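Engineer: Using only what follows, build the 3D model:
(chains A and B)
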Amino acid sequence: MKYFWSNFFIPQEKNNHRASILKPYFLFLLVGFYLFNQSVIKFVSLAKPGILGYSSEITAQKVLDQTNIERQKNGLEPLQYNSVLSESATQKAQDMFANNYWAHTSPTGTPPWNFFKNVNYKYSVAGENLARDFYDTDSLIKAWMNSPTHRDNLLNNKYQEIGIGVVNGILGGVKTTLVVQHFATPLNTIATKTNLTPITPIPQSISETNNAQILSESQTKYLSPLLLSKIIGLIIFSLIIVVLFIDGFITFKKNIHRMTGSSIGHIGFLLVILLFMLYTQQGAIF
Amino acid sequence: MIIPKEIKQKPLEYIFLGFIFLVGLILYFFAGFNSHNQRLIVYGLSASYFFWSLIHHYKRGDLHLSIVIEYLIIALFGIALLTFSFF
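Structural biologist: Here you go, the predicted structure:
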């Protein structure tokens, strides 16, 4: 039994001085197992929408506060919260859930500006930021600040007002939170003045709705499909890299010559992939 | 410092491989949160690694099908891991 297992992990005469796990057929089986798991996760997402998903602690208030902190850091005036703009942002998020898309323009060709018109908000200049699958507001704002186009919206001195939609729903079979920021400057400031709420925090009617929704969702622990993929992938990844190290060490010590792939090359490549994984954060912006 | 014989024999090839990895890392970090660009960089890096292996083993005189498949699987695993976990 001991010899059977050592065959998989330790290079020796019996396995032609190459750990069996590193042989092409076994690597193929491992990668095939990983891809099979991905298919199962995708199938569950589509067959039972809402089982897999992300829980989020993001609220409209936090997004507003952090947006204004970033603006103040850059010497800009804070944006004023506008409930009408928030309504258009919320409608945009709801439209993405209803029509199952993730883009500024809907598959039917509806541009973001239509949502401003729907709530009767007349603007001289306007912009939109989108985000999904983020767990916390810090990561979300950081992602926007790292993207030149989103940063331009956040730090645009032409904008005076902001509306934020934070909506939970099922997109592509996966439970998630969509965050929509609508920036604008009203065409006629006097006409829209009644909708302007110059002082934070966000009015209770808005924050209660959003916070209640977010709080109730955050109490439910969803199984994140990306986390599941990551865990299964990392187990297989660790197995391969550990065996590569053992294999490289033993062949180096025993000075064995073989006709196989370079263990050093594989280790280097997989370590670069590991660094990518560590750097890549949750969530997506558009 | 202990340098594996494999690297001692072909130092330039391994320096070039290190350069490929370094360029990949720099480009990936500069891509920030743009998942489209990050995906392209992962594809580019995996393809470069695969082509490096073809040249490396061709020059060593042991470019066999099993070795080509081994590199192909490792490169595809790298792509799959990032694609399914993040993008």
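Engineer: Would you mind listing the outside residues contacting the strand or helix carrying residue A:96?
Structural biologist: Assigned by DSSP states H and E, residue A:96 belongs to helix A:83-98. Outside helix A:83-98, the residues that touch it by Cβ atoms under 8 Å, 6 or more residues apart in numbering or on different chains are A:60, A:102-103, A:106, A:110, A:112, A:115-116, A:118-121, A:128, A:161-167, A:169-171, A:178-184, A:192, A:195, A:197, A:202-203, A:206. Just so you know, the C-beta spots here come from the backbone N, C-alpha and C atoms, and that holds for glycine as well.
Engineer: That helix: which residues count as buried?
Structural biologist: Neighbour counts over helix A:83-98 (16 or more other Cβ atoms under 10 Å in any protein chain shown) mark A:84-96 as buried.
Engineer: One more: stretch A:244-261?
Structural biologist: With burial defined by 16+ other Cβ under 10 Å, the residues of stretch A:244-261 counted as buried are A:244, A:246-248, A:250-252, A:260-261.
Engineer: Could you do stretch B:4-23 as well?
Structural biologist: Under the neighbour-count criterion of 16+ other Cβ under 10 Å, stretch B:4-23 has B:6, B:13-14, B:17, B:20-21 buried.
Engineer: quick one on the thing from earlier: same question for the helix holding residue A:96, mean pLDDT?
Structural biologist: What helix A:83-98 shows for mean pLDDT is 93.
Engineer: could you dump that helix to CSV, C-alpha only?
Structural biologist: This file holds the C-alpha atoms of helix A:83-98, laid out as CSV (Å, rounded to 0.1, in the frame of the first residue of the first chain):
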residue,chain,number,x,y,z
SER,A,83,-33.3,60.7,-4.5
VAL,A,84,-34.5,61.0,-8.1
LEU,A,85,-31.1,59.9,-9.4
SER,A,86,-31.2,57.0,-7.0
GLU,A,87,-34.5,56.0,-8.4
SER,A,88,-33.0,55.9,-11.9
ALA,A,89,-29.9,54.0,-10.6
THR,A,90,-32.2,51.5,-8.9
GLN,A,91,-34.4,51.1,-12.0
LYS,A,92,-31.2,50.4,-14.0
ALA,A,93,-30.1,47.6,-11.6
GLN,A,94,-33.6,46.1,-11.6
ASP,A,95,-33.7,46.2,-15.4
MET,A,96,-30.4,44.3,-15.6
PHE,A,97,-31.9,41.6,-13.3
ALA,A,98,-35.2,41.5,-15.2
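Engineer: any idea which helix or strand comes after that helix?
Structural biologist: helix A:113-118.
Engineer: List the buried residues of that following helix.
Structural biologist: By neighbour count on 16+ other Cβ under 10 Å, the buried set for helix A:113-118 is A:113, A:115-116.
Engineer: Can you say which helix or strand has residue B:80 in it?
Structural biologist: Using DSSP H and E, residue B:80 sits in helix B:65-85.
Engineer: Let me see the confidence value for residue 48.
Structural biologist: Unless you meant another one, I'm taking chain A. 64.
Engineer: Sorry, I should have been clearer: chain B.
Structural biologist: Reading off the model, residue B:48 has pLDDT 96.
Engineer: Might one say that it is in contact with residue B:21?
Structural biologist: No. With contact defined as Cβ atoms under 8 Å, residue B:48 does not reach residue B:21; the gap is 9.0 Å.
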